[in-house]
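S.K.: got a structure for you, letters missing:
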């Protein structure tokens, strides 16, 4: 009996259509003449919410110095799945919820929004928090944002 060879599945086949479309759009922004230079690979991956370290990027790139879209898709498919943004945000709120109440004070939330990361302006914070009462149920707050 002859054994049928199994077709080797491409890593790209693991990607969802929406991921491929988003990657294509991002590639088109950063690529020149349909080629993405190595120095832009990390920027593109970060734009796609994939955050490999510099060492991981080098390993994924191998000897390549430039990439066409199929190469980028292969790399994207090999990258670890990004952490769910909602869970990541809730985890950050839990750090401020020392009593485990599921809520955070309005003052703490204003501080977090104004000073963490890029930080929002005072008017942006006020607009975002308008109508909320103290303390704020952060899971409900995050659900309303996402």
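M.R.: Thanks, I have the structure now. Note that the structure is predicted; figures quoted are calculated from it, not measured. Numbering: from 1, shown residues only.
S.K.: all contacts plus neighbour counts: C-alpha atoms, from now on.
M.R.: Will do.
S.K.: Hmm, residue 42 is touching residue 57, no?
M.R.: Yes - shown here, residue 42 and residue 57 form a contact pair, counting by C-alpha atoms under 8 Å, at 6.9 Å.
S.K.: Can you read off the pLDDT for residue 37?
M.R.: We have a pLDDT of 93 for residue 37.
S.K.: Run through the bridge partners of it.
M.R.: Beta bridges link residue 37 to residue 66, judged by DSSP bridges.
S.K.: How about the contacts made by it?
M.R.: Applying C-alpha atoms under 8 Å, 6 or more residues apart in numbering to residue 37 gives the contacts 31, 65, 66, 67.
S.K.: which residues does the third one contact?
M.R.: So the one you mean is residue 66. 35, 36, 37, 38.
S.K.: And for the longest helix seen in the chain, what's in contact with it?
M.R.: Counting residues, the longest helix found in the chain (DSSP state H) is helix 17-30. Where contact means C-alpha under 8 Å, 6+ apart, the residues beyond helix 17-30 that reach it are 34, 36, 40, 44, 47, 48, 69, 73.
S.K.: Show me how far that helix is from its chain's centre.
M.R.: Helix 17-30 has its C-alpha centroid displaced from the chain centroid by 14 Å (C-alpha atoms, centre = their mean, to the nearest Å).
S.K.: if you average pLDDT over that helix, what comes out?
M.R.: The model assigns helix 17-30 a mean pLDDT of 89.
S.K.: Of the contacts of residue 37, which pair is most distant in space?
M.R.: For these, the farthest-apart pair by C-alpha to C-alpha is 31 and 65; their separation is 12.8 Å.
S.K.: separation between residue 30 and residue 14?
M.R.: For residue 30, the distance to residue 14 (C-alpha to C-alpha, to the nearest Å) stands at 23 Å.
S.K.: same thing with residue 132?
M.R.: From residue 132 over to residue 14 the distance is 42 Å, taken as C-alpha to C-alpha.
S.K.: and if you look at residue 106?
M.R.: 43 Å.
S.K.: Number of residues surrounding residue 44?
M.R.: The number of residues packed near residue 44 is 21, by other C-alpha atoms under 10 Å.
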